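Chemist: Dropping a prediction and its sequence here:
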Amino acid sequence: MRRLVVLSVGAVLAVVLAACGLPADDEFTRIDPGDDGFGLSLASTTTVTTSTEPSTTIDATTSTSIADTTTSIPGVFVDIYFPVARQLGKVPMLLPPDPQLNQVMARILKGPLEGDLFTGMRTILPADADVTANNVGGVAVVNFPNDIFDGISPNDQRLVFGQIVLTMTSQRGVGQVRFTQGEEPMSVFLGNGSSSVATESVLSSDYTNLLGGSVDPIQTTTTTIATTVPPTDPPAVATTAEP
């Protein structure tokens, strides 16, 4: 009875082994590469690789751009003439944009600045002189007060007229200059020492000789009028005849 149970157990094991596909004998059985007996493919193997890449953070780049800064000068350079010895010299000076003739005249009266550019230059008229200038149909009309030339030599007067004419005619829209004194037409010295007609305008060409070369001084002469007094006869002396 015990043996029969043992055999029954062995029979059960045989059945199980047969169901699993394992050989029941001791011989080697080759397994096909494409079949492992459990429905899995040995030839096709899927390998899953997990790669953990370190995160890279790119910092934002801050770029500082220095913009070009252009400083515009609020004005224009104007040629101003100043006396240098017995001649005239030209120097560019900064004035407001589109300057009026009165502004140009005020710059003349202020005189030259300090510095090598103005070496030897001087001014003749007082800085506070009441001199006006206006553009009348392309003619700069310059008016002087009545007593402005008192104590100014004829040679320096010529330089004053010359610096004004050359400066004014270098302005846009001005071709001639006419001078008045106390609002009345006046005659002025020209560059060659002669005098203009009071009612006529003068040109820049009348003073170009003051820009270079030798300038002859204005000669002034003093006329002495001799008055001859006829001699007076001595009074007659009365004589008395003796008896």
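Modeler: Thanks, I have it. Numbers count the residues shown, from 1 in each chain.
Chemist: going forward, measure contacts between C-alpha atoms and count neighbours the same way
Modeler: Will do.
Chemist: low pLDDT regions in the chain?
Modeler: 1-73, 213-214, 220-243 (pLDDT under 70).
Chemist: Going by residue numbers, what spans are strands in it?
Modeler: 76-84, 87-95, 132-136, 139-144, 176-181, 184-185 (DSSP state E).
Chemist: Name the strands paired with the shortest one and say parallel or antiparallel.
Modeler: The one in question is strand 184-185. Partner strands and pairing direction for strand 184-185 (DSSP bridges) are strand 176-181 (antiparallel).
Chemist: Identify the residues contacting the strand it pairs with?
Modeler: 138-146, 165, 168-169, 185-188, 198-204 (CA atoms under 8 Å, 6 or more residues apart in numbering).
Chemist: 10 Å instead, please
Modeler: 131-148, 161, 164-166, 168-170, 185-188, 198-204 (CA atoms under 10 Å, 6 or more residues apart in numbering).
Chemist: Just the buried ones from those residues, in PyMOL syntax?
Modeler: To isolate the buried members of those in PyMOL, using 16 or more other CA atoms under 10 Å:
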select buried, resi 131+132+133+134+135+139+140+141+142+143+144+161+164+165+166+168+169+185+186+187+188+201+202+203+204
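Chemist: contacting residues for the residue nearest to residue 100 when sequence neighbours are not counted?
Modeler: Nearest in space to residue 100, with sequence neighbours left out and distances taken as CA to CA, 6 or more residues apart in numbering, is residue 134 at 7.9 Å. Neighbouring residues of residue 134 by CA under 10 Å, 6+ apart: 100, 101, 102, 103, 105, 140, 141, 142, 143, 168, 177.
Chemist: want to throw the residues you listed into CSV with distance to residue 122?
Modeler: Output for these, formatted as CSV (distance: CA to CA, whole Å):
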residue, distance to residue 122
100, 23
101, 21
102, 20
103, 19
105, 15
140, 23
141, 24
142, 21
143, 22
168, 18
177, 22
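Chemist: So which of the residues you listed is the closest to residue 92?
Modeler: residue 168 (13.4 Å; CA to CA).
Chemist: In contact with residue 139, which residues?
Modeler: Residue 139 neighbours (CA under 10 Å, 6+ apart): 133, 168, 169, 173, 174, 175, 176, 177, 178, 201, 202, 203.
Chemist: what about 8 Å?
Modeler: Residue 139 is in contact with 174, 175, 176, 177, 178, 201, counting by CA under 8 Å, 6+ apart.
Chemist: The closest residue to residue 94 other than its chain neighbours: how many residues sit nearby?
Modeler: Counting by CA to CA, 6+ apart, residue 77 is the residue found nearest to residue 94 once chain neighbours are left out, at 4.5 Å. Neighbours of residue 77 under the rule other CA atoms under 10 Å: 13.
Chemist: With the one 3 residues further on instead?
Modeler: Other residues lying near residue 80 total 24 when counted by other CA under 10 Å.
Chemist: any idea how far it is from residue 206?
Modeler: 17 Å (CA to CA, to the nearest Å).
Chemist: Who wins on neighbours among the contacts of residue 139?
Modeler: residue 177 (25 neighbours).
Chemist: and the nearest residue to that residue once chain neighbours are set aside, bridged to which residues?
Modeler: Leaving aside its sequence neighbours, residue 177 sits nearest to residue 140 (CA to CA, 6+ apart; 4.6 Å). Using DSSP bridges, the bridge partners assigned to residue 140 are residue 135, residue 177.
Chemist: shouldn't residue 140 be in contact with residue 174?
Modeler: Yes: here residue 140 lies in contact with residue 174, judged by CA atoms under 8 Å, at a distance of 6.4 Å.
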